[in-house]
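S.K.: give me coordinates for this.
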Amino acid sequence: MSRAIALAGFMGTGKTTIGVELAALLDMPFVDADVELEQREGRSISKIFAIDGEPYFRARERELLQELSQRSDIVLATGGGMVIDAENRRLLLERCLCIGLSAPADVILERVGGAEAAQKRPMLRSADVRARIIELLTARAPAYAELHYRIETAGRTPNELAMEIATIARAEVRRIPVAIPPASRYDIVMGDGMHGQLGRMIAQRGWSGPAAIVSDDVTGPHFADALRKSLRATGIDAFLVTTQHGEQNKTLATVESLYRAFSEHGMDRQSAVIALGGGVLGDTAGFAAATYLRGVPFVQMPTTLLAMADSSIGGKVGVDTPFGKNLVGAFKQPDLVVMDVRCLRTLPVIELRCGLAEIIKAALIRGGDDYAQIRALEHSPLGSLDVSTPHPDAVDDALLHLLVNAIHLKREVVQEDPEERGRRAVLNLGHTFGHGIEAYSGLKLKHGYAVSLGMVCALRLSEALCLCESEFVEDVLHILRGVGLPTSTHDVADLLPGWDIGEIWRLMQSDKKKRAGRLRFVLIRSAGDVFVRGDVDEVAARAALAALNR
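M.R.: Below you'll find the model as predicted:
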């Protein structure tokens with residue numbers, strides 16, 4: 001496991017019993033926070049409460065958690081009230097896989113030994129122990145609801161529950177929190193087999209059915225059934241809406257068809273839209289979620305490398321129109337982003353290459369170790385593989401590490417500038433040129449390929465303006481070629497109707513990032529030194545386009 005597993009919940013929900021079973025299954029040490037604290041204090045928790053009071057106990061508990069949450073090799077049973085403290089909860093959520101265990105009040109009362117035995121527990125001393133349990137459960141419910149998963153323990157054996165939690169722990173590899181000012185927050189969850197965990201992940205969010213799984217005719221047949229089964233296993237009814245794949249279907253007409261399906265199935269403001277597919281699908285379904293009933297819950301489940309690295313994160317959703325790409329849209333932050341790396345192993349090589357275009361872009365923006373790591377792509381086998389065939393072995397740890405780097409860059413920038421009023425514009429490196437080239441191809445050119453060509457233009461323009469060295473430009477071109485991405489029109493001549501710079505320039509004028517009627521270009525001095533300029537001479541920009549056709 002890459003992090004500790006924390007079991008949290010009220011006393012009597014089974015944290016210790018299940019924790020021991022789970023630790024054995026995963027071959028990890030088990031630590032009971034209450035027992036550990038008693039050993040360090042040399043006295044029972046009852047005596048700590050009686051002599052020093054609850055504030056002292058909570059302070060010592062917090063110190064212990066600071067230490068234990070740093071470990072990545074333990075199953076931790078937290079104290080019943082440990083997660084009630086906001087700082088404790090933050091540590092657990094950031095550092096651990098947090099499993100909330102629950103049980104009805106009557107079951108808890110029975111498990112603690114009945115009303116008489118409960119009097120020995122400081123938090124339960126009351127004339128009406130059952131009423132006290134209900135009171136505490138109600139008070140703590142909001143804190144428990146923030147935990148990553150919620151599992152009901154009544155009527156199930158410890159071994160059954162431990163096996164379920166082990167399945168979750170083996171599937172979920174990484175969780176990256178995103179905090180959007182002023183108060184929005186969501187998690188990016190990565191793992192192997194995550195589609196089967198979605199029902200558990202959203203069961204405690206309070207969303208009602210029916211949920212809409214929006215997918216396309218290519219992706220849906222592969223993954224939608226498993227997703228619907230996962231949702232229904234936790235009591236969430238779901239229906240599938242299938243659109244046609246491809247950028248040409250990222251339109252208002254498609255959005256209207258989604259509205260119709262949502263209405264026919266009786267969706268309300270607590271019904272989630274789950275986008276299962278690539279970037280085009282996520283943008284389209286996200287715009288529908290943002291605008292249906294003025295906004296419903298939204299889950300991104302990207303199935304392509306490009307969507308995982310870029311479009312599923314940050315909340316930009318929208319559609320294309322005859323007069324421009326992405327000109328109609330909204331900011332709609334997802335409530336959850338779930339990335340199942342199993343999907344990547346089913347992708348043809350061309351889709352992996354397209355995702356790497358965005359990953360390379362992110363490394364150029366972030367610089368440092370990220371850029372040093374992508375230089376190894378010069379020798380990637382992806383450059384010579386058949387573009388139409390999946391190669392599961394290509395989705396290795398090195399590729400996933402590069403993906404995580406790109407996600408961290410996108411998260412950092414989005415948290416700083418969620419609505420693209422400042423720094424977020426640097427994420428458009430290669431996109432002003434790329435969108436024009438993509439439109440010029442009649443959308444035959446894949447987005448990742450267009451971004452690759454757009455980055456070459458941005459590099460050539462930066463070089464012509466004496467902002468970067470020619471050696472740096474050639475270095476990046478070697479990286480792009482290493483994974484089989486195009487660096488000139490000759491690489492994709494069969495997808496382009498000649499090379500009309502005037503027409504491409506006209507198409508670029510619809511770029512939504514224009515200010516005061518002028519295009520804004522993302523330029524680069526070196527890896528990690530990327531910036532936006534709005535005073536670029538048209539002649540120089542056209543010359544960068546012309547250089548692609550040499």
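S.K.: buried stuff in the helix or strand hosting residue 59?
M.R.: Per DSSP states H and E, residue 59 falls inside helix 45-68. Of all the residues in helix 45-68, those buried under the rule 16 or more other Cβ atoms under 10 Å are 45, 48, 49, 57, 58, 61, 64, 65, 68. In short, each C-beta sits where N, CA and C put it, glycine included.
S.K.: which outside residues touch it?
M.R.: With contacts defined as Cβ atoms under 8 Å, 6 or more residues apart in numbering, helix 45-68 is touched by 4, 31, 33-34, 36-38, 40-41, 43, 74, 76, 78-79, 81-82, 85, 87-88, 91-92, 120-122.
S.K.: any of these buried? List them.
M.R.: Applying 16+ other Cβ under 10 Å to the contacts of helix 45-68, the neighbour count classes 4, 31, 33-34, 36-38, 74, 76, 78-79, 81-82, 85, 88, 91-92, 121 as buried.
S.K.: and after the helix holding residue 59, which helix or strand comes next?
M.R.: Counting by DSSP H and E, the next helix or strand C-terminal to helix 45-68 is strand 75-77.
S.K.: how far away from the center of its chain is the helix or strand where residue 31 lies?
M.R.: Following DSSP H and E, one finds residue 31 within strand 30-32. Taking the mean of its C-alpha atoms, strand 30-32 sits 30 Å from the chain's own mean (Cα atoms, centre = their mean, to the nearest Å).
S.K.: and stretch 512-531, by the same measure?
M.R.: Centroid displacement of stretch 512-531 relative to its chain, using Cα atoms, centre = their mean, is 26 Å.
S.K.: now do the buried residues in that stretch.
M.R.: Going by neighbour count (16+ other Cβ under 10 Å), the buried part of stretch 512-531 is 513, 519, 520, 521, 522, 523, 524, 527, 530.
S.K.: again with stretch 429-445
M.R.: 429-441, 443, 445.
S.K.: tell me where the stretch 301-450 of the chain has helices.
M.R.: Along the stretch 301-450 of the chain, counting by DSSP state H, counting those that start in this stretch, helices occupy 305-306, 349-366, 368-374, 397-416, 431-440, 447-464.
S.K.: tell me which of the ones you listed is the most buried.
M.R.: Of all the helices of the stretch 301-450 of the chain, helix 305-306 carries the top mean neighbour count, a mean of 28, counting by mean count of other Cβ atoms under 10 Å.
S.K.: quick one: contacts of that one?
M.R.: Residues beyond helix 305-306 that count as contacts (Cβ under 8 Å, 6+ apart) turn out to be 278-279, 344, 347, 351-352, 354-359, 403, 447-448.
S.K.: and if you look at stretch 422-432?
M.R.: 310, 314, 357, 361, 364-365, 410, 413-414, 416-418, 451-458, 508, 511, 513, 519-522, 524, 530-532.
S.K.: next one: residue 473 from residue 542, what distance?
M.R.: Distance, residue 473 to residue 542, using Cβ to Cβ, to the nearest Å: 18 Å.
S.K.: go on, residue 118?
M.R.: For residue 118, the distance to residue 542 (Cβ to Cβ) stands at 80 Å.
S.K.: tell me which of the two has more neighbours.
M.R.: Neighbour tally, residue 118 and residue 542, criterion other Cβ atoms under 10 Å: the higher count belongs to residue 118, 21 against 16.
S.K.: ok, the more buried one touching residue 130?
M.R.: No - contact criterion Cβ atoms under 8 Å: residue 118 and residue 130 do not qualify, at 9.1 Å.
S.K.: now do the shared contacts for these two.
M.R.: By Cβ under 8 Å, 6+ apart, the residues touching both residue 118 and residue 130 are residue 109.
S.K.: ok, the buried residues of stretch 512-531 vs residue 370, which is closest?
M.R.: The closest of these to residue 370 turns out to be residue 527 (Cβ to Cβ; 8.1 Å).
S.K.: from residue 239, how far off is the closest one?
M.R.: With distances taken as Cβ to Cβ, residue 527 is found 46 Å from residue 239.
S.K.: between the two ends of stretch 288-302, what distance do you get?
M.R.: 16 Å (Cα to Cα, to the nearest Å).
S.K.: could you list the domains of this protein?
M.R.: With domains defined by automatic domain parsing, the chain comprises 4-172, 181-346, 349-547.
S.K.: what helix or strand is the residue positioned nearest the centre of the chain located in?
M.R.: Closest to where the C-alpha atoms of the chain average out (Cα atoms, centre = their mean) is residue 188, at 2.7 Å. Per DSSP H and E, residue 188 falls inside strand 184-191.
S.K.: before I go, just wanted to say thanks for your time.
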